[in-house]
Structure formats: C-alpha cells, structure tokens
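**Q** Attaching a predicted model along with its sequence, questions to come.
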Amino acid sequence: MRLKWKLTVASVKMFVRQKEAILWSILLPLFMVFLFSFVNFDGLGTVTVGVVNLSRDSSLVGILRSVKTLRLHEGTLEAEMKSLREGDRSMILLIPEMYEPGVRDSVATFLNAERAQETQLGTLIVRRALDDLAFRRHGEFLPPTVQTEIVNSRNLTYIDFVLPGILSMSIMQSGVFGVAFSFVNLKKRGILRRLLVTPINPNDFIFAQVLTRLMVLMMQVAIMVGAGLLVFDLHFVGSIANMFIVGLLGGVVFLAIGFTLSGLAKSDDQVAPLANVITLPMMLLSGIFFSRATLPGFANVITGFFPLTYLADGMRSIAIDGASLAEIMPQLVGLAVWGVITVTLAVKSFRWESEA
Amino acid sequence: MNIEMMSDVVLDVQNLSKRYGQLLAVNGISFSVRRQEIYGILGPNGAGKTTTLEMIETLRPIDSGTVILDGIDVRKEPKKVKRLIGVQLQSSAFFDKLTLVELLSLFGEMYGRRVDPLLLLDEVELRDKASSQAAQLSGGQKQRFSIAAALVNDPVVLFLDEPTTGLDPQARRHLWGVIKRIRSEGKTIVLTTHYMEEAEELCDRVAIMDHGKIITQSAPQLLIDDLISDGFKKERVERLANLEDVFLSLTGHSLREE
C-alpha cells in the first residue's frame, strides 16, 4: 500500500513537472472554448421572429418579410412557443383570426425575456408595419393595439454545446496521446525494464500511472466547468458529481486505448499516426463542434457508437439538461461496453519491453 | 570442492543456455563467482554477455541450466533473487522530472527500504547533483547514478553491463575508482565489457565469451602468462607508454563533465 502511494506521488510529480502535459490537457481546451465563445451562429443584428398567422391577411407578414432585420419563421402557436422557450426565437408574433389591417388590428407578441434589444427592435418594426397598413387603409392614423407578454427562455449558446464537447475531446486526447507517447518512451529507454529487476509488482506502477491520469481528468472536468460558469456564461444545470462519473468512465476507455497503442506501436514514430487515425474521426464526427444531426443517415448511425459520442452526449445532457445518471444510461452502458473491449485489448497488447 | 570453497561461491552458473529461434545466444556456459571478487565477462558485441547477465538478473527466461545466487535458484524463486541483486542495465535511463534524491528514495521504496539518498550519492560522488534530474547528467554521471540506484537494496551481487561504454578516458578511470571502492566495501561485482584494459585493471577473474560460449576463464595475469608460455610474442616491442597515456598526461585525470 505504501509503495502504491509512493509510486502515485512520484507519478503526480512527474506529470505536474511536465509543462507540456499541463498545456495540452488544461490550457489548450480552455483556449479553444475561449475562441469559440466569440462564435455566434444565431447571426448578428437580426431578430428571429416566429409568426403564427391565424388570419386570412397576408399583407402584414408581407411587409415584415421585406424587412431585412427580421428573420421570420412561420408555424403553429405550439411549435413556435416551444422554439421560443428553447431560445431559438427572440419573439413570436401572433396574428389572431379576426385580424384585418386597419380595422381590427390587435396582434399579440411573446418576447424572449433575455433578448431585450432584439425584442424592442422587433416590436418597433411590427408596430410600424401595423401603422403603415392602417394609414394605407384610412389615410389617417389610428393607434393599433399590441398586447405583449414576456416569456422566460433558456437561451443556450454555442458555448453550452461546445464546452462539454471540448471537455470530452480533451479527456480523449490526454488519455490516448498522453499514455501512448509516455509508455512507448518508457519502454524504448528501458525505464520499464529497470523496474522489472526490482521486486515490485510492475502492475503497481501501471496502477499509479492510471490513478494519476484519472486525477488529472477530474481536474480537467472541474476547471472546464468552473471556467464555463465563471467566464463563459455556461448554462450548467447538472450535477458535477455526475460529470465526474461519466468523465471517469470515458477516461478509462481512452486510457485503455492509449495503453493498447503503446503495446502495438514499435517505436514512437508509429504512435502519432495510430493515435490520429483513432482520434481524428471522433473529433470531427462525434458531435463535438457541430451536431451529429447534420450528418447523413448512415454516418449518424455509425458515429452514434463512437466512445467519444457517448462521452460528449453524456456530458452535454448532464451539463445543459441536468440529466440524471439514469437518464444517460444509454451513454453509460455504451462507455462501459467500450471499457470492457479496450481494457481487454490493452491487457492483451501491453509489453514491458520493446522488442530488441 | 570442500565446504569452505562452497560457501565462498556466491553465484554459481551451470550449463546455462538461451536460444532465439535458430541462434544459440548462450550455449551451455558454466562459471562461478566468489564473494567480494570482481568477475568480468569479456567478449565482442553479440557474444552473449548481456543475454547471460539478463538470465541471471531474472529479466529473461532461462531455457536450460541452473543459476544459484546466494543459495537461491533464480529459476524457482526469481522474486527472492531480485531482492539480493543490484542491476545496472546497458541503457541506464530513469524517469524524467524526478530529482536524483527522489529517484533513489523511490527505488528504495520498491525494496521496502527507506534509504539515505545523499549517502548513496556520496558513494558515487554525485552529492552536488542531488537536486538535478537524471536527464541533465553527463554520460559518466548517468552511469555512476545508475550504480547508486543499483545499491539502494544493499545487494549481495552487483551487476554492471558495459558500465564504461561510451565514456571518455577521464570518466572511465573515475568510474573504475568507484567500482573498486564498492568492492572494497564488501560487494561482489559481475561486469561485462569489451575493453581489455578495463578487465585487466578491475577484474580478479575473467571469462572470455564468443558465439555464446566461454572459451576460457581465469585471472587476467594467468591468461597472459599462459599465452606467453605458449611462445606468443607481440610483433612490436612493448612501448613504455601508449596514446591514452599521452592523452591523459596532456588533458589531466580530472573529470570533464560539466
């Protein structure tokens, strides 16, 4: 026990004193999130308006459509309200059944509580359009009525999508690359061999290394979520404990892949290509930077089985939907199955010495 | 062999063999090493020296033959043997990012011992490098450090695999001094080398290996005497000095490591 402890302390020291490891596992992901925090895929300066038109009139919608600042989505009240609540609309314009331009021109708007600027602008434009139509009809000004209601929405941004993804990706990268490179190196330089002439159980050393890396992983999770809350306005509603659990499960899978590669690679120049072949497709297709929903059907199905997909989806559900462990059971089971496969491969392929 | 001589033998190797596919790397060799002697295994590269050491050190499975170290059969109880031996491997690399003191403490822990790293560093004259990392050491310093690491468990037998290969003449001579001092403190040392002057300088007895076999073994001076009594004569008259003497007298005996 004492030896396991001493080996772990030594592993932690080795890791912490390696500046590039800290850089790759913690600072780089943070920097990526920082860069992505500037991205706003909702477009700048436009107001997204859901239009529910129950009347026979089309002139109001026609005028609004000609205004470039507005992006109109026509739909049913139910669908548009849902979109509003999800933060996909800045406001909704409800044109009632009895609406008639300049005669019965009462309309209703539902405004997104957190988008004051957009809704103000949108409301102004709607009023102006109503005025225009009334003026055309009568040649004089009659104040129309606009009934307004504020709706509280959950305005998820791209950060909410991408931060759990980048966190998952950095867990993958430090697991696969970190372990594969350092163990090929330890083997090549005969450092593992030197341990074999001591009376220790060499698995104690592996244990210490795995434990160290899992501790680093917990730090990655804590720092990313912490920075997300403090700096990036992350809408984190889940449990950090659940984040740790799904993170550790994913960590085991990717560490095991790293150990497998260190066993398969004969030299360190073989590590990078092998690791890239495994991690790159996942990085691009596991729904890290964009939703997998945009992939064609078969690709969507296949990528659904990637370990990184399970990890990222699990973390994202916990972070932004506050999912419980039971709710992400499919992801947990997926990771567990991958865990069994990869740990088996790691044990089978692991070598203490590089073949001479 | 009487009882006194038996107890004098600390390492006994009988008919040791190792085969790699078609190649018989070690071909039924036998030798024994007495307590407190420096025993050298000489031979050109590929002679089987390292394979022999690695079988004794429990790093490679023994195909056939027996190795008894301090009364323990290496094949049957490798764990026990590991506790009794100190090993310097040919590639003497250590973990990065740990200081020499941390490394020695860690290696001590692997034997369940709390060692005094500074005393061990004194033994190999590296106290001033106590807080350096192994990667920052020069070649000679690395070799000396790996000897210190091999001494953490106060081993009965110390194995050194080509300890001076790649060192400059000053560093080599300095390491010879360290090795001799360790022997004088009561250790038995088995080393391999392909430098004859090193074997002549250090070893009480040597075995000369080639193609997996021991061709001869004896004290270096006896082997030389045998050769001369067979009528051997060097073609050129022995010079009173050689180029290494010139080099050392010009550059001095002090170490050039920093």
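**A** Received it, and whenever you're ready, just let me know what you need.

**Q** Just list the residues touching B:Y195, thanks.
**A** B:T164, B:R172 (Cβ atoms under 8 Å, 6 or more residues apart in numbering or on different chains). (C-beta placed from N, C-alpha, C; glycine too.)

**Q** at 7 Å instead, please
**A** B:T164 (Cβ atoms under 7 Å, 6 or more residues apart in numbering or on different chains).

**Q** again, but for A:L229
**A** A:F236.

**Q** A:R2: neighbour count?
**A** Using other Cβ atoms under 10 Å in any protein chain shown, A:R2 has 8 neighbouring residues.

**Q** distance of it from chain B?
**A** A:R2 sits 7 Å away from chain B, going by Cβ to the nearest Cβ, to the nearest Å.

**Q** Same question for A:Q173.
**A** Counting by Cβ to the nearest Cβ, the gap from A:Q173 to chain B is 20 Å.

**Q** Could you count how many residues lie near that residue?
**A** A:Q173 has 19 neighbours, counted by other Cβ under 10 Å.

**Q** Next: A:M282.
**A** 22.

**Q** ditto for the one 10 residues further on
**A** Using other Cβ under 10 Å, A:R292 is surrounded by 18 other residues.

**Q** ok, now which ones touch A:V176?
**A** Neighbours of A:V176 in contact, by Cβ under 7 Å, 6+ apart: A:F254, A:I257, A:G258, A:L261, A:A275, A:I278, A:T279.

**Q** which regions of chain A sit below the pLDDT cut-off?
**A** Low-confidence segments of chain A, defined by pLDDT under 70: A:40-45, A:140-144, A:152-155, A:355-356.

**Q** would you list every one of the strands in it?
**A** A:47-53, A:70-74, A:91-95, A:107-112, A:146-151 (DSSP state E).

**Q** Alongside chain B, which residues does the stretch 201-350 of chain A contribute?
**A** For the stretch 201-350 of chain A, no residue is in contact with chain B (Cβ under 7 Å from any Cβ of the partner chain).

**Q** hmm, back to that, please flag which of the contacts of A:V176 sit within helices.
**A** A:F254, A:I257, A:G258, A:L261, A:A275, A:I278, A:T279 (DSSP state H).

**Q** quick one: the closest residue to the first one other than its chain neighbours from B:T66, how far?
**A** When you say that, I think you mean A:F254. Distance criterion Cβ to Cβ, 6 or more residues apart in numbering or on different chains; nearest residue to A:F254, sequence neighbours excluded, is A:G175 at 2.9 Å. Applying Cβ to Cβ, to the nearest Å, the value for A:G175 to B:T66 is 45 Å.

**Q** again, but for A:K348
**A** 33 Å.

**Q** before we move on, what about A:L214?
**A** 44 Å.

**Q** picking up where we left off before, so between A:G175 and B:T66, which is more surrounded?
**A** Between A:G175 and B:T66, counting by other Cβ under 10 Å, A:G175 is the more crowded of the two (28 against 15).

**Q** Dihedrals phi and psi, whatever residue of the stretch 251-356 of chain A ends up closest to chain B?
**A** Here the stretch 251-356 of chain A gets closest to chain B at one residue, A:E353, 8.4 Å apart by Cβ to the nearest Cβ. When read as degrees, to the nearest 10, the backbone of A:E353 gives phi -130, psi 150.

**Q** do A:R56 as well
**A** Dihedral angles (degrees, to the nearest 10) for A:R56: phi -90, psi 0.

**Q** Please report the distance of it from A:A265.
**A** A:R56 is 71 Å from A:A265, by Cβ to Cβ.

**Q** Neighbour count: the two, which is higher?
**A** The residue with more neighbours, out of A:R56 and A:A265, is A:A265; 23 against 9, by other Cβ under 10 Å.

**Q** Pull the contacting residues for the more buried one.
**A** A:A180, A:V184, A:V271, A:L274.

**Q** so what's the last one closest to, chain neighbours aside?
**A** So the one you mean is A:L274. Using Cβ to Cβ, 6+ apart, the nearest residue to A:L274 is A:L261, at 5.2 Å.

**Q** List the contacts of the one you found.
**A** A:V176, A:A180, A:V271, A:L274, A:A275.

**Q** Separate out the buried members of the residues you listed.
**A** For the contacts of A:L261, a burial check counting by 16 or more other Cβ atoms under 10 Å in any protein chain shown picks out A:V176, A:A180, A:V271, A:L274, A:A275.

**Q** can you map out the helices along the stretch 151-300 of chain A?
**A** For the stretch 151-300 of chain A, the helices defined by DSSP state H, counting those that start in this stretch cover A:158-173, A:179-188, A:191-196, A:202-230, A:240-264, A:268-285, A:297-303.

**Q** Kindly calculate the angle that the fifth one makes with helix A:268-285.
**A** Between helix A:240-264 and helix A:268-285, the angle formed by their directions is 140 degrees, by axes from the mean of the first three to the mean of the last three Cα atoms, to 10 degrees.
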